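Asks: Turn this into a model:
(one chain, ligands or ions: 1)
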Amino acid sequence: MARYRRMHPVELRHCSECPAQLEGRQRAVCSSTCRERRWRRLHPEAAAEKQRRKRARRRERRARGESILSALSAELVTALEELVDERVNDRFEGVAAASDSVSPWLSVVEATELLRCKRQRVDDLLSQGRLARYKDGSRTLVSRSELDKYLRTQRG
Ligand SMILES: [Zn+2]
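Replies: As a prediction, this is how the structure comes out:
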């Protein structure tokens with residue numbers, strides 16, 4: 001074989017589908033992607049048929065999904081929609097809090113999150129007057145900057 005190779009040097013061979021050089025035992029194509037491409041080029045009808053089947057399978061899957069939804073009770077679908085709404089809102093609230101357009105006002109729950117404390121702690125701070133209690137109707141709000149200031153005065 002070695003002698004044969006010396007007498008018949010291997011010429012550089014290229015992939016039939018792209019300019020890549022073939023290596024080792026590769027015969028016509030350089031990769032599985034190019035093998036697929038070559039097959040599509042050489043067998044256009046079979047490729048079209050395969051594509052058609054793929055589309056049909058996708059259509060079938062979609063139809064099955066829709067039939068599952070229509071089999072669910074209306075209440076369950078409503079409940080699912082509400083759940084999804086809730087999740088999306090939560091996600092967007094998180095994004096809003098992280099962005100620059102933060103509200104200067106915190107609800108009591110948000111204040112507990114910021115302080116990493118229980119609700120009782122915020123209630124105590126409010127009733128001791130260490131944090132001012134702002135009201136929007138029946139809702140209690142805390143000023144974010146006052147809370148920041150309070151934390152800074154608590155430095156050890
Ligand atoms: Zn190739």
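Asks: only C-alpha atoms for contact and neighbour calcs from this point on.
Replies: Noted.
Asks: And the residue most central in space within the chain, how close does it get to the ion?
Replies: For the chain, Arg91 is the residue whose C-alpha lies nearest the centre (CA atoms, centre = their mean; 11.6 Å). Separation of Arg91 from the ion (CA to the ion, to the nearest Å): 44 Å.
Asks: where exactly do the strands run in this structure?
Replies: In the chain, the strands defined using DSSP state E lie at 105-107, 134-136, 139-143.
Asks: The ion: which of those strands is closest?
Replies: Distance to the ion, taken as CA to the ion, is lowest for strand 105-107 among the strands of the chain, at 59.7 Å.
Asks: Show me how far the closest one is from its chain's centre.
Replies: Here strand 105-107 shows a centroid-to-chain-centroid distance of 29 Å under the convention CA atoms, centre = their mean, to the nearest Å.
Asks: helices or strands next to that strand in the packing?
Replies: Packing partners of strand 105-107 (3 or more CA pairs under 8 Å, 6 or more residues apart in numbering; DSSP states H and E): strand 139-143.
Asks: in the chain, which helix or strand is least confident?
Replies: Ranked by mean pLDDT, DSSP states H and E, the helix or strand of the chain with the weakest confidence is helix 2-7, at a mean of 71.
Asks: so who does Ala46 touch?
Replies: Shown in contact with Ala46 (CA atoms under 8 Å, 6 or more residues apart in numbering): Arg40.
Asks: One more: Glu66?
Replies: Contacts of Glu66 (CA under 8 Å, 6+ apart): none.
Asks: Mind pulling up the pLDDT for it?
Replies: For Glu66, the pLDDT comes out at 81.
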